[in-house]
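**Q** Fold the following and give me the result.
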Amino acid sequence: MIGYIDKIKQISKQILEDCKVDMVIGFRRGTVPMMNEPCVAKTEDDVDQFVWDGHCGINLANYLMGRKEKIGIVAKGCDTRNIVTHIIENKIDRDQLYIIGVPCKGMIDRRQVNNRFEGVREVIDQGDTVKIIGADFEEKLDKTDLLQSNCATCTHPNPVIHDELVGDPVEVPTDIDQWADVRKIEAMSTEDKWGYFDDLLKECIRCYACRNACPLCYCPTCFVDESTPQWVGKSQDPIDVRTFHFLRAFHCAGRCTDCGACERACPVGINMRVFTQKLEKDCYDLYGWEAGLTTDVRPPLDTYRADDPEEFIK
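**A** Presented below is the predicted three-dimensional model:
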């Protein structure tokens, strides 16, 4: 995967030179370890800043909403699934985009690294291994042991929509139970579930980083900011905190691609993916639906048919 960068730069420079796009959105080296940052290249010289490795976990689809320009975008599998959703929901036109597809082998979980090592100065993605360098140590670990949790269970690592691929598609895993964690929670008693979610959310500081990082949270006014009526309070009251997380998850039902942006952005490390994963599983079990795989079909909660099953209506 780290060998993709030359091809990314080549394609980006070519589409800028040919005036196919006004800009290309990619990644450049971040100012802290394991945190590459979005970069907008408008000239061929700008493209020289681009990098690609296991630290490009931010979902770049977040930077497309409402844009009028012709845009090139470097996109891995989950990014392209969100782009599909944006096209379906009329947030961007397909004709505006030149999608540089990146087959993905997973992003490195910086929290895992920082929890295991103190004083990390540099983390180098070497393909199948990761070199971790500190002031007085150097370690090499298998990359599979350091993947973000969503990457470890990803079943769509290849771009689902693209104009050009930077490498051969990676092998799609067939032995992954992507909802194993959900089933564990489903099997709990009501009291145990209550305790689980109480413990999960007790550290939430209501900073809304999860909402701001999510490529699906683009309502002009979020429900937490409504004042007439006020749907949820602004306090740290546990009910307000739960209401925010539960309602945000339901807004993403049938749309979430499990890109992990919410969990990655959380400053206190809350795994709020457990909410959206449960709803993903329900959509798959009830409708056979996975979000962002095609522009030809709308999500199940965004459609109505006269012959929809109605057995639940008494």
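**Q** Which residue ranges of the chain form helices?
**A** Applying DSSP state H to the chain gives helices spanning 5-17, 44-47, 77-88, 110-116, 149-152, 180-186, 190-201, 209-213, 238-251, 261-265, 273-287.
**Q** Residues in contact with the fourth one: which ones?
**A** To tie it back to what came earlier, the one meant is helix 110-116. For helix 110-116, the external contacting residues (C-beta atoms under 8 Å, 6 or more residues apart in numbering) are 33-35, 55, 120, 123, 130, 132, 146, 269. All C-beta atoms are positioned from the backbone trio N, CA, C, and that covers glycine.
**Q** Just the buried ones from those?
**A** Among those, the ones that count as buried by 16 or more other C-beta atoms under 10 Å are 33-34, 55, 120, 123, 130, 132, 146.
**Q** just to revisit the earlier point, go through the helices of the chain and name the closest to E164.
**A** Across those, E164 has its closest neighbour in helix 5-17 (5.6 Å, C-beta to C-beta).
**Q** Quickly note the distance from the one residue sitting closest to the centre of the chain to G292.
**A** By C-alpha atoms, centre = their mean, the chain has its centre lying nearest to C259, at 2.4 Å. Distance, C259 to G292, using C-beta to C-beta, to the nearest Å: 9 Å.
**Q** For V51, list the residues it contacts.
**A** Shown in contact with V51 (C-beta under 8 Å, 6+ apart): 5, 27-29, 36.
**Q** Straight-line length of stretch 60-78, end to end?
**A** 10 Å (C-alpha to C-alpha, to the nearest Å).
**Q** cool, and stretch 266-273?
**A** Length of stretch 266-273, first residue to last, C-alpha to C-alpha: 11 Å.
**Q** and that stretch, how far out from the chain's middle?
**A** Here stretch 266-273 is found 13 Å from its chain centre; the criterion is C-alpha atoms, centre = their mean, to the nearest Å.
**Q** who does the spatially closest residue to E118 that is not a sequence neighbour bridge with?
**A** Nearest residue to E118, sequence neighbours excluded (C-beta to C-beta, 6 or more residues apart in numbering): G134, at 7.1 Å. Following DSSP bridges, G134 is listed with bridge partners V120.
**Q** 46 is where my numbering starts, stick with that
**A** Done: numbering now begins at 46, and the last item shifts to G179.
**Q** Show me the shaky parts of the stretch 46-195 of the chain.
**A** Along the stretch 46-195 of the chain, the model assigns pLDDT under 70 to residues 46-47.
**Q** that older thread, the residue nearest to E163 reaches P78, doesn't it?
**A** No. With contact defined as C-beta atoms under 8 Å, G179 does not reach P78; the gap is 10.0 Å.
**Q** joint contacts of these two?
**A** By C-beta under 8 Å, 6+ apart, G179 and P78 have these common neighbours: 165-166.
**Q** what about V227, neighbour count?
**A** Number of residues near V227 (other C-beta atoms under 10 Å) recorded here: 19.
**Q** and what of D237?
**A** D237 has 11 neighbouring residues, counting by other C-beta under 10 Å.
**Q** distance of it from T321?
**A** Distance from D237 to T321, counting by C-beta to C-beta: 21 Å.
**Q** Other residues contacting stretch 305-319?
**A** 102-104, 107, 123, 152, 156, 193-196, 226-227, 230, 245-246, 248-250, 252, 254-260, 290, 294, 303, 321.
**Q** what residues are up against E167?
**A** Per C-beta under 8 Å, 6+ apart, neighbours of E167: 78, 176-178.
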